[in-house]
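Participant: what's the 3D shape of this:
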Amino acid sequence: MSNSTSIPNNYSYFTDPAYQRDIRYTIWTQIYYIGCGFLAAFLNFYLILLFVKYPKLRDTPCNWIIIQQCLSEVVMGYGTVMRAVTFLFATNLTIIKFNLSFCFWVCGLCSVGYRIGQTIALLMAVDRLLAIWKPKFYAKRRVNVTFDKELV
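Facilitator: I've put the predicted structure just below:
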């Protein structure tokens with residue numbers, strides 16, 4: 001006895017017509033997401049390691065903004081890989097239901113990194129606008145900015 005919401009044993013995402021028309025649901029697209037996510041995470045993490053290793057890079061305020069952008073890109077890359085891997089597991093094991101906390105860790109990290117990245121990109125644009133529009137003020141501001149180097 002089965003109810004109307006049960007899934008038949010022979011169901012597959014790969015044969016469902018709803019998933020055949022959209023390229024986002026193909027295996028090759030998920031492999032592409034995994035590759036791009038790994039590249040984004042590892043290459044930005046490499047920049048963060050260089051920033052930590054060489055103290056000279058920490059002297060410029062713009063470099064701090066760039067590293068914050070790199071941190072958000074690492075989170076986005078991790079989220080992209082997690083989403084694609086979860087999709088591949090769900091399609092191969094025919095998993096239909098997920099709880100909310102699992103969805104946050106799979107899709108939420110990519111979204112959070114994306115939103116933080118947008119804010120930091122705006123901050124970077126304002127910083128560059130200030131450097132071009134008022135170069136004397138920007139030069140004075142750069143000299144007067146001090147960071148707690150003990151924290152780093």
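Participant: Could I get the buried residue list for the helix with the most length in the chain?
Facilitator: Secondary structure of the chain read by DSSP state H shows that its longest helix is helix 61-93. Applying a neighbour-count criterion of 16 or more other CB atoms under 10 Å, one finds 64-84, 86-87, 91 buried in helix 61-93. All C-beta spots, glycine's among them, are computed from the backbone N, C-alpha and C.
Participant: I'd like to know how many residues surround Tyr54.
Facilitator: 9 (other CB atoms under 10 Å).
Participant: With the one 5 residues further on instead?
Facilitator: Taking other CB under 10 Å as the neighbour definition, Asp59 ends up with a count of 12.
Participant: Could you do Asn44 as well?
Facilitator: 20.
Participant: and the gap between it and Gly113?
Facilitator: According to CB to CB, to the nearest Å, Asn44 and Gly113 sit 10 Å apart.
Participant: what's the spacing between Asn92 and Ile27?
Facilitator: For Asn92, the distance to Ile27 (CB to CB) stands at 10 Å.
Participant: Please disregard the earlier target; I meant Lys134.
Facilitator: 52 Å.
Participant: shouldn't Phe38 be in contact with Met82?
Facilitator: No. Using CB atoms under 8 Å, Phe38 makes no contact with Met82, being 11.4 Å away.
Participant: what sits against Ser111?
Facilitator: Gly79 (CB atoms under 8 Å, 6 or more residues apart in numbering).
Participant: show me what contacts the most centrally placed residue in the chain?
Facilitator: Centroid-nearest residue in the chain, with CA atoms, centre = their mean: Met76, separated by 0.7 Å. Neighbour list for Met76: 37, 40, 109-110, 113-114, 117 [criterion: CB under 8 Å, 6+ apart].
Participant: Please repeat the previous calculation with a cut-off of 6 Å.
Facilitator: For Met76, the contact set (CB atoms under 6 Å, 6 or more residues apart in numbering) comprises 110, 113-114.
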